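1. Kindly generate the corresponding structure for this input.
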Amino acid sequence: MEQLILIIGLLFATVIAVGLGDRLKLPYPVLMLIMAGALTFIPGFPDLRIDPELILPIFLPPLLFATAQKSSWAVFRIRWRTILLLAVALVAVSTAAVAGTAWLLIPSIGIPAAVALGAMCAPPDPVAVESVAGRVHMPRRLRSVLQSEGLFNDAAAIVIFQTAVASATSGQPFGLGVIGSFLLGAAVAVLVGMLMGRVTGLIATFITSSVARSAVTLVVPFAAYILADELHASGVIAVVVTALEIKRHARAEDASERLTRAAFWDVVELLVTGLAFGLVGLEVREVIKVEGAAIWGMLPLAVAISVLVILVRFLWFGLLALLSRKNDDALPPTGLKDVVILTWCGMRGLATLALALALPTALPTGEAFPGRHEIIVVACAVLLATLVLPGLTLPWLMRVLKATDDGSGEREATKVLAMRAQDAAVSALRSNGLIKNLPPEKHTLVKKKMQRLYAELLDGTLSDEPPEERRRRGRELTIAVQTIALNAARSEVISARNEPGADPEVVDRVLQQLDLRTMIMPEA
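-> Numbering: from 1, shown residues only. Next up, the predicted model:
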C-alpha cells in the first residue's frame with residue numbers, strides 16, 4: 001500500500017509542480033525532480049522500488065509516442081543529416097570521450113565498463129528538452145533540431161550500453177560489431193513501427209467509440225516497444241515510427257477522435273512525465289544514501305565528466321556551425337548564439353538513470369562489476385548537472401541572448417495554411433455546384449461563413465456567436481458546409497502536414513480549430 005500511496009502522491013505533486021512552474025516560469029519536470037529528492041530527506045519516507053529493467057519499458061513508450069506525434073515524416077526527410085550527426089554521431093563521440101576519461105581516471109574499470117558509462121551519459125532526454133524548450137519561446141528551428149535529436153539518440157545509446165555490458169560480463173572484446181547491431185536493430189524496428197501503425201488503423205475501423213480508439217493509442221506504444229525488444233531490435237525507434245505512421249494515415253473525418261486523443265494524451269504526457277522525473281529524484285537520493293561518505297571522494301571525477309559532456313556538445317555544435325556557414329547551409333546551428341542554446345539544452349534524464357540502475361551488480365564469476373559505484377555516481381551527477389542547472393537557467397539565458405521567438409514565423413505559417421483551408425473549402429463547394437445554384441443572398445451567406453472560418457483559424461479562437469443565431473442563419477447550409485467544406489479544408493491541412501517544410505505543430509493547431517468547428521456545428 002505504501003508504494004501505491006507514494007505513486008499517487010507523486011502524481012498529485014506533478015499537478016502542484018505544474019502550477020508552480022507556471023507561476024515561476026520554470027519547467028515542471030525539474031521542479032518535480034527537486035521536490036521528490038527533497039521529500040526523501042523526511043525521516044521514515046517510504047522507498048519506491050521499480051525493477052531497473054522495467055523503467056525504460058514503462059516510461060519511454062508513452063513519452064516518446066507523445067513527443068513523436070508532434071513531428072512528421074517530412075521533418076525527418078529534411079533533417080536526416082541532423083539525426084545522423086546528433087542522434088548517432090554525437091552519441092558515439094560523447095560515449096568515446098567519457099569512456100576514455102573514465103578509463104584513465106577510474107582504476108581497473110576496463111574498457112567495456114567505461115563504454116557503458118559513456119553510453120549512459122551520452123543521450124539528452126527528449127522529454128526534458130521538450131518540457132523546458134516549449135516554455136521559453138525558443139525559436140521553432142532550434143526546437144526541431146532538439147526534437148529530431150531526442151527521438152533517436154536513446155536507441156544508439158541503449159545499443160552501445162547493452163553491447164558494452166555484454167562484453168564486460170562475457171569477457172569478449174568490445175568491437176565495431178555494435179554498428180552492425182544498431183543498423184540491424186534499427187531496420188527491424190522501422191518494420192515493427194510500420195506494422196503497428198497499420199494494425200492501429202485496422203483496429204480503429206472496427207471501433208466506433210472515439211474514446212476507445214484513443215485508448216488504443218496508449219496500448220500501441222507499449223506493444224511496439226515490447227515486440228521490437230523481443231526481436232532484439234530498438235524499441236525506441238519502433239515507438240517513434242508507430243507514432244509517425246499513425247499521424248501519416250490521419251483521416252479528415254476523424255475530428256471527434258483527434259480532439260479526444262489530444263486531450264487524452266495531454267493528461268497522459270503530463271502525469272507520466274511528472275511521475276518519471278519524480279522517480280529520478282527519488283533514485284538519485286537513494287544513490288546518495290547508499291554510497292554514503294564515499295561519494296565525496298567521487299565528486300571530482302563526477303564534476304570532470306559533467307564538464308566534459310557539456311564541452312563535447314559545445315565543440316560538436318560549434319563544428320556544425322562552421323560547416324553550415326562554409327556550405328551556406330540554412331540548417332541550425334548557424335552561429336554562436338545557436339551553439340550556446342543547443343549546448344545548454346543537452347539535458348540528460350530518464351534514459352541515463354535507467355541505464356545506470358540497470359548496470360549489473362556482479363560478473364558471472366561473482367566478482368563485483370568493475371567501477372560500478374563510481375559509474376552510478378558519475379551518471380547521476382551528469383544527470384543533475386545537465387538537467388537541473390540548464391532547466392532553471394534556460395529562461396534567463398534566452399533573455400540574455402535575446403533569442404526568444406516572437407512567434408511571427410508561426411503566425412505567417414498559420415496565415416498561409418488558413419488561406420489554403422479556406423480556398424479548399426470554397427473550391428469544394430463550387431465543384432459540387434452548391435455556390436453556383438444558390439440565390440444571391442445565400443451565396444453571400446456562404447462567403448461570410450468561409451471568411452469567418454479563415455478568421456477563426458488565423459487567430460485560434462472560435463466565434464462567440466450564440467448557438468441560436470448560428471442555427472437560425474446557417475440551418476439550410478449546415479450539412480453542406482459540414483460534410484463538404486470542412487472535410488475539404490481538413491483534407492488540405494492534413495495533406496500539408498506531410499509536405500516538406502511544413503511545421504507539424506502549426507498544422508496540428510489549425511487542424512484542431514477545424515475539428516472544433518466541426519463539433520460545434522448545429523445539427524440539421
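2. Test for you: state the pLDDT assigned to residue 318.
-> Listed pLDDT for residue 318 reads 92.
3. Check the spacing between it and residue 390 real quick.
-> The span separating residue 318 from residue 390 equals 18 Å under the rule Cβ to Cβ, to the nearest Å. Bear in mind the C-beta positions are built from the backbone N, C-alpha and C, glycine included.
4. What of residue 195?
-> When Cβ to Cβ is applied, the distance between residue 195 and residue 390 equals 38 Å.
5. the more surrounded of those two?
-> For residue 195 and residue 390, the more surrounded residue by other Cβ atoms under 10 Å is residue 390, and the numbers stand at 22 against 16.
6. can you pull the contacts of that one?
-> Taking Cβ atoms under 8 Å, 6 or more residues apart in numbering as the contact definition, residue 390 lies against 132, 344, 345, 346, 347.
7. and the two most separated of those residues?
-> When these are compared pair by pair using Cβ to Cβ, the two farthest from each other are 132 and 346, 11.2 Å apart.
8. circling back: among the contacts of residue 390, which ones are in helices?
-> Secondary structure of the contacts of residue 390 is defined by DSSP state H; positions in helices are 132, 344.
9. ok so residue 26 is a strand residue?
-> No - secondary structure of residue 26, determined by DSSP: H, G, I helix; E, B strand; the rest coil: coil, with no strand assignment.
10. Hmm, it is touching residue 20, no?
-> Yes - contact status for residue 26 versus residue 20: in contact at 7.4 Å, counting by Cβ atoms under 8 Å.
11. Residue 110 is in contact with residue 168, isn't it?
-> Yes - counting by Cβ under 8 Å, a contact exists between residue 110 and residue 168, whose distance comes to 6.5 Å.
12. Which neighbours do those two have in common?
-> Both residue 110 and residue 168 are in contact with residue 370, where contact means Cβ under 8 Å, 6+ apart.
13. Which of the helices and strands in this structure ranks last by mean pLDDT?
-> Across the helices and strands of the chain, mean pLDDT, DSSP states H and E gives its lowest value to helix 467-474, namely a mean of 53.
14. contact partners of stretch 271-282?
-> Applying Cβ under 8 Å, 6+ apart, the set of residues contacting stretch 271-282 from outside is 7, 10-11, 13-15, 17-18, 28-30, 32-40, 47-48, 50, 55, 59, 62-63, 127-128, 131, 349-350, 353, 383.
15. what about 7 Å?
-> Counting contacts by Cβ atoms under 7 Å, 6 or more residues apart in numbering, the residues outside stretch 271-282 that touch it are 7, 10-11, 13-14, 17, 28-29, 32-37, 40, 48, 50, 59, 62-63, 127, 131, 349-350, 353.
16. neighbours around residue 107, how many?
-> Using other Cβ under 10 Å, residue 107 has 8 other residues around it.
17. brain fart, residue 177
-> Neighbours of residue 177 under the rule other Cβ under 10 Å: 12.
18. Give me the buried positions along the longest helix along the chain.
-> Scanning the chain for the longest helix, with DSSP H as the assignment, gives helix 255-291. By neighbour count on 16 or more other Cβ atoms under 10 Å, the buried set for helix 255-291 is 255-261, 264-265, 268-287, 291.
19. now stretch 157-166
-> By 16+ other Cβ under 10 Å, the buried positions in stretch 157-166 come out as 157, 158, 159, 160, 161, 162, 163, 164, 165.
20. Please work out the average pLDDT along whichever strand or helix holds residue 352.
-> The secondary structure element spanning residue 352 is helix 350-357 (assigned by DSSP states H and E). pLDDT averaged over helix 350-357 equals 81, rounded to a whole number.
21. Next secondary structure after it?
-> Next along the chain after helix 350-357, taking DSSP H and E as the criterion, comes helix 372-401.
22. What's the mean pLDDT across that next one?
-> Mean per-residue pLDDT for helix 372-401: 86.
23. cool, stretch 283-297 as well?
-> In this model, stretch 283-297 carries a mean pLDDT of 74.
24. Quick one: end-to-end distance for it.
-> When the termini of stretch 283-297 are compared using Cα to Cα, to the nearest Å, they are 20 Å apart.
25. mind putting the contacts of residue 390 in TSV, distance to residue 424, pLDDT and neighbour count included?
-> Shown next, in TSV, are the contacts of residue 390 (distance: Cβ to Cβ, whole Å; pLDDT from 0 to 100; neighbours: other Cβ atoms under 10 Å):
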residue	distance to residue 424	pLDDT	neighbour count
132	37	72	26
344	42	91	21
345	37	89	26
346	41	89	28
347	40	88	30
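26. What's the per-residue pLDDT of residue 256 here?
-> Per-residue pLDDT puts residue 256 at 80.
27. do residue 449 as well
-> Note on residue 449: pLDDT of 65.
28. go on, residue 459?
-> The predicted local confidence for residue 459 is 66.
29. One more: the one 3 residues further on?
-> The score at residue 462 is 56. That number is its pLDDT.
30. Please report the distance of residue 320 from residue 333.
-> When Cβ to Cβ is the yardstick, residue 320 and residue 333 sit 6 Å from each other.
31. Correction: the previous question concerned residue 207.
-> Relative to residue 333, residue 207 is positioned 45 Å away (Cβ to Cβ).
32. The two: which is more packed in?
-> residue 333 (25 against 14).
33. returning to that earlier point: more neighbours, residue 110 and residue 168?
-> Ranked by neighbour count (other Cβ under 10 Å), residue 110 and residue 168 place residue 168 first, with 24 against 18.
34. which regions of the chain sit below the pLDDT cut-off?
-> Confidence mapping of the chain against pLDDT under 70 gives the ranges 40, 48, 52, 133-135, 174-176, 326-331, 406-407, 432-483, 520-524.
35. That one - how does it break down into domains?
-> Recorded structural domains for the chain (assignment: automatic domain parsing) are 2-401, 408-520.
36. Give me the nearest residue to residue 269, chain neighbours excluded.
-> Ranked by Cβ to Cβ, 6 or more residues apart in numbering and with sequence neighbours excluded, the top spatial neighbour of residue 269 is residue 66, at 4.1 Å.
37. and the one you found, what does it touch?
-> Contacts here follow Cβ under 7 Å, 6+ apart; on that basis residue 66 touches 265, 268, 269.
38. Quickly find the element holding the nearest residue to the first one once chain neighbours are set aside.
-> Here the nearest residue to residue 265 in space, its sequence neighbours aside, is residue 66; by Cβ to Cβ, 6+ apart that works out to 5.5 Å. With elements delineated by DSSP H and E, residue 66 resides in helix 52-68, which encompasses its position.
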